[in-house]
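Peer 1: Show me how the following folds:
(one chain, ligands or ions: 2)
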Amino acid sequence: MGSWTLDDIPWQRFDPTRLDPKIVSLAKAASLVEYNGAAYARHLCRVFAGDPAFQQSARCWGEEEVQHGMALARWAMLADPDFDFDAAFARFQSGYRIDFDRMFARRGSQAGEMLARCIVETGTSSFYTALREAAAEPVLREICHHIAADELRHYRLFYKNLGACLVRERLGRWARLKIALGRIAESEDDELAYAYYAANAADTAYDRQRCSRAYASRAFAIYRPHHIERGVAMILKAVGFTPNGWLGRTLARLSWQAMRWRFSRSAREAA
Ligand SMILES: [Fe+2]
Ligand SMILES: [Fe+2]
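Peer 2: Numbering: from 1, shown residues only. Ligands and ions are numbered 1, 2, ... in the order given. Predicted coordinates:
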C-alpha cells in the first residue's frame, strides 16, 4: 500500500458551500476509472510474467489506483448524496470492456507497454494537479494533492522500468514517439466518455459524442499552460528527447492552443 490511506484525509473539513457541480462530475467519472486499476495491474503482471520484482511493484501500483478511486468515490458521495458509486461502477464495468490482448499488441513489447504507462501517468499527474488548483473545496484539494504525488511516483516507476526494458529491446526514439502518440490518441477512446456517462448521465441512453463533449468541456476547463508544459516535458523525457529545450517549448505552446480550441468547441457543442 502507498504512503497514505483514507484515514489521512480530513473528511471533517468537507465544505458543501465550496462545491462546483462541474468539478463534482469530473471527480465522479475519475473515481470509476481509478477504481478499475486492479484490472490493469493484472495485465501488467501477465506482460512481465518472468519478472516477480516488477510484478510486485505493479500489484502495489494497482492497489494505489484502487485507493484513488475509493477516496474520490467517498468525496463524491459527500458532495452528492444521491451518487451511488457501486451502481455507477457496475454500469461502467458492464458497458466498458478493455481488450488487454489487443492493447498489448498495439504497444508491441514490454518497453512499449511501459512507455504507454508513462503517458497515462503523465496525464493523471497533470489532471489531479490541475483539479487541485481548480477546486475550492478543501477535502477534494487534499485528496488531489495525495493522488497527484502518487501519479508522479507511478510515472517514475514506469520510466525506470522502461529504461531496464530498453537495455533488452531495440526501440528507437521514433518508434517510441509513435507509441506515445498512439496512446495519447487512445485518450479519445470510450473510457473517459463512458465513465462520465456511467457516473453522471445514466438516466439517458449512451451517446458517445455527447458524453465525450460533456467530459471534455469540463476537463479542459481546469488546465493552465504550466500543466501542459510539464506534461509535454514528461512525455518527451519518456520518448527520449530533451524535455525542456526548444522542442518542448514549441510543443507545449501548440498543445495549449490545441486544447483551448478543443475546449471552446466542446463547450459550444455541449451547451
Ligand atoms: Fe490514479
Ligand atoms: Fe497512477
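Peer 1: Check which helices and strands the strand or helix carrying Leu251 sits against.
Peer 2: Assessed by DSSP states H and E, Leu251 sits inside helix 246-270. Packing partners of helix 246-270 (3 or more CB pairs under 8 Å, 6 or more residues apart in numbering; DSSP states H and E): helix 208-219, helix 225-239. C-beta here means a position set from N, CA and C on the backbone, and glycine is covered the same way.
Peer 1: Number of residues surrounding the closest residue to ligand 2 within the chain?
Peer 2: Nearest to ligand 2, among the residues of the chain, is His154, at 3.7 Å (CB to the ion). Neighbours of His154 under the rule other CB atoms under 10 Å: 23.
Peer 1: Test my guess that it contacts Glu121.
Peer 2: Yes: counting by CB atoms under 8 Å, Glu121 is a contact partner of His154 at 4.4 Å.
Peer 1: can you list residues touching both of these two?
Peer 2: Among the neighbours of His154, none is also in contact with Glu121 (CB atoms under 8 Å, 6 or more residues apart in numbering).
Peer 1: Out of the helices and strands packed on helix 246-270, the one nearest Ala180 is which?
Peer 2: helix 225-239 (5.2 Å; CB to CB).
Peer 1: residues in contact with that closest one?
Peer 2: 115, 118-119, 122-123, 125-126, 129-130, 155, 159, 162, 173, 176-177, 180, 184, 242-244, 247-249, 251-252, 255-256, 259.
Peer 1: got it, and stretch 153-168?
Peer 2: By CB under 8 Å, 6+ apart, stretch 153-168 touches 54, 57, 61, 64, 109-111, 114-115, 117-118, 121-122, 124-125, 171, 234, 237-238.
Peer 1: for it, the distance to its chain's centre please.
Peer 2: In terms of CA atoms, centre = their mean, to the nearest Å, the centre of stretch 153-168 is set 18 Å apart from its chain centre.
Peer 1: buried set for that stretch?
Peer 2: For stretch 153-168, the neighbour count (16 or more other CB atoms under 10 Å) marks 154-155, 157-159, 161-162, 165-166 as buried.
Peer 1: avg pLDDT for the helix holding Leu251?
Peer 2: Computed over helix 246-270, the mean pLDDT rounds to 90.
Peer 1: gap between that helix and the chain center?
Peer 2: 18 Å.
Peer 1: what comes into contact with that helix?
Peer 2: For helix 246-270, the external contacting residues (CB under 8 Å, 6+ apart) are 210, 212-214, 216-217, 220-221, 223, 225, 228-229, 231-233, 236, 241-242.
Peer 1: what's the angle from it to helix 225-239?
Peer 2: 120 degrees (axes from the mean of the first three to the mean of the last three CA atoms, to 10 degrees).
Peer 1: Name the residues of helix 246-270 that are buried.
Peer 2: Counting neighbours by 16+ other CB under 10 Å, one finds that the buried residues in helix 246-270 are 248, 251-252, 255-256, 259, 263, 266-267.
Peer 1: Redo those as JSON lines? Include distance to ligand 2.
Peer 2: Shown next, in JSON lines, are these (distance: CB to the ion, whole Å):
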{"residue": "Gly248", "distance to ligand 2": "23"}
{"residue": "Leu251", "distance to ligand 2": "23"}
{"residue": "Ala252", "distance to ligand 2": "22"}
{"residue": "Ser255", "distance to ligand 2": "21"}
{"residue": "Trp256", "distance to ligand 2": "23"}
{"residue": "Met259", "distance to ligand 2": "21"}
{"residue": "Phe263", "distance to ligand 2": "24"}
{"residue": "Ser266", "distance to ligand 2": "25"}
{"residue": "Ala267", "distance to ligand 2": "28"}
